[in-house]
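Asker: Next comes the sequence, and after it the predicted model I'd like to discuss.
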Amino acid sequence: MTDGMTDYQHFGVIGAGAWGTALAQALAVAGRRVTLWAREDEVALAVNESRENATYLPSVKLHEAITATTDLTAMKACDAWLLVTPVQHSRAICAKLAEIGAAPSIPVLLCCKGIETASLSFPSDFARETLPSHPVGVLSGPSFAIEVARGQPTALTLACADEALAMALCQSISSPAFRPYASTDVLGAQIGGAIKNVMAVATGIAAGCGMGENASAALITRGLAEMMRLGLALGAQRETLMGLSGLGDLVLTCSSTQSRNMSLGVALGQGRKLADILGERKSVAEGVPTTAAAARLAAQKGVDMPIVGAVDAILNQGANVRDVIAALLGRPLKAEGE
């Protein structure tokens, strides 16, 4: 490694959903040893015995360098951690990691996207609170799990406050088809990853209502404006929000029903109930809890985010989809840059 940084060879991936499993696969392909922590015994057993995570990422043969476990203390043996559990549960996982007696030099790369509803904290905030001795970074960007797992080209932002650490981690996890780009804007990388999920729900609702491609393009563009307003108000860098973890992730997530958040929005736009949609899913749509948190955070900071407010009204306040859309379209006209 460069600049005297540790040579990261053994990674712990905490969370064996689709994204965690895909990241484990990418790391193994990059020549690293991977310990994958799963909550469910059956998932760990399937990964180890059949080399497949049929529950969350079926039809992908997993690399032999991946070993699954349900024992969180196995993370003590790793050189670096990737935290890939849902945001609303990640603080508790961090607290458990703090109790296993791991070396404080182990960096934690946050791969979850959202805002904690109870505290309005981003993952880096509660990671630093619960794991104060560990370097904290973020890995985020346009990335469908199945494409990463299949080795299709993917580029991401890897942000750490320490630029040398970011570069060392980039070199450790990269492969020809998996390209991380280093950044020092930890907050900005998280804002993009959180807000794009809300916008994907909005774009999905519009698609489900049959509003057309023009409406989709408008929502993506105005959604980016809202992301920029919040990000700049919180101190993020404009370049980050216009990069892979901001604009890049926004475009991907709002353009395909492979996105859990967009597909949820489509179902809502078609008239289905939120509880019914969530009840039939195994995976988490982070946009649902993040919407409420983002709406509260925007109000707290005095940031105008009408699309976020509209999605919040539909998801959390029982508002009628058609009424909310009509209210959005009836907003007063103004200059585009406002």
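Answerer: In hand now; what should we look at?
Asker: ok, how many other residues are close to Lys96?
Answerer: By other C-beta atoms under 10 Å, 14 other residues sit near Lys96. Using the backbone N, CA and C atoms, a C-beta is placed for each residue, glycine as well.
Asker: you'd agree it is in a helix?
Answerer: Yes: assignment of Lys96 by DSSP: H, G, I helix; E, B strand; the rest coil places it within a helix.
Asker: distance of it from Phe126?
Answerer: Distance, Lys96 to Phe126, using C-beta to C-beta, to the nearest Å: 13 Å.
Asker: May I see the buried residues of stretch 86-94?
Answerer: 86-88, 90-91, 93-94 (16 or more other C-beta atoms under 10 Å).
Asker: hey, where'd the helices end up in the stretch 1-150 of the chain?
Answerer: 18-29, 41-50, 87-98, 123-130, 145-149 (DSSP state H, counting those that start in this stretch).
Asker: For the third one, which helices and strands make contact with it?
Answerer: It stands for helix 87-98. strand 80-83, strand 108-110, helix 123-130, helix 287-301 (3 or more C-beta pairs under 8 Å, 6 or more residues apart in numbering; DSSP states H and E).
Asker: Quick one: mean pLDDT for the shortest one?
Answerer: pLDDT averaged over strand 108-110 equals 98, rounded to a whole number.
Asker: ok, residues contacting it?
Answerer: When contacts are defined by C-beta atoms under 8 Å, 6 or more residues apart in numbering, strand 108-110 is touched by residues 80-83, 90, 94, 97, 123-124, 127, 131, 134-139, 158, 169, 190.
Asker: Run the chain-centre distance for it.
Answerer: 12 Å (C-alpha atoms, centre = their mean, to the nearest Å).
Asker: what is Asn53 paired to in the beta sheet?
Answerer: Leu57 (DSSP bridges).
Asker: ok, now how distant is it from Asn261?
Answerer: Distance from Asn53 to Asn261, by C-beta to C-beta: 21 Å.
Asker: Repeat that for Ala54.
Answerer: In terms of C-beta to C-beta, Ala54 sits 23 Å off from Asn261.
Asker: same question, Leu244
Answerer: 18 Å.
Asker: mind listing the strands for the stretch 51-200 of the chain?
Answerer: For the stretch 51-200 of the chain, applying DSSP state E, counting those that start in this stretch gives strands covering 66-69, 80-83, 108-110, 136-140, 154-160, 178-183.
Asker: got the contact list for the last one?
Answerer: For strand 178-183, the surrounding residues in contact (C-beta under 8 Å, 6+ apart) are 26, 29-30, 139, 148, 153-160, 163, 166-167, 169-170, 173-174, 189, 240, 243-245.
Asker: Now with 6 Å, please.
Answerer: Contacts with strand 178-183, where a contact means C-beta atoms under 6 Å, 6 or more residues apart in numbering, come from 26, 154-159, 166-167, 170, 174.
Asker: Kindly reformat the residues you listed as CSV containing pLDDT.
Answerer: Shown next, in CSV, are the contacts of strand 178-183 (pLDDT from 0 to 100):
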residue, pLDDT
Ala26, 98
Thr154, 98
Ala155, 98
Leu156, 98
Thr157, 98
Leu158, 98
Ala159, 98
Ala166, 98
Met167, 97
Cys170, 98
Ser174, 97
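Asker: and the closest residue to Thr55 other than its chain neighbours, how many neighbours?
Answerer: Leaving aside its sequence neighbours, Thr55 sits nearest to Val43 (C-beta to C-beta, 6 or more residues apart in numbering; 5.4 Å). Neighbours of Val43 under the rule other C-beta under 10 Å: 22.
Asker: In this structure Val43 contacts Ala54, no?
Answerer: No: between Val43 and Ala54 there is no contact under C-beta atoms under 6 Å: 8.6 Å.
Asker: quick one: buried residues of stretch 230-238?
Answerer: In stretch 230-238, counting by 16+ other C-beta under 10 Å, buried: 230-231, 236-237.
Asker: Let me have these in CSV, adding distance to Ile220 as columns.
Answerer: CSV is the format used below for the buried residues of stretch 230-238 (distance: C-beta to C-beta, whole Å):
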residue, distance to Ile220
Leu230, 16
Gly231, 16
Ala236, 19
Gln237, 21
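Asker: Outside of stretch 126-134 itself, list whatever touches it.
Answerer: Residues from elsewhere that reach stretch 126-134, judged by C-beta under 6 Å, 6+ apart: 91, 94-95, 98, 104, 106, 108, 136.
Asker: Filter those down to the buried ones, PyMOL style.
Answerer: Per 16+ other C-beta under 10 Å, the buried members of the contacts of stretch 126-134 correspond to this PyMOL selection:
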select buried, resi 91+94+98+106+108+136
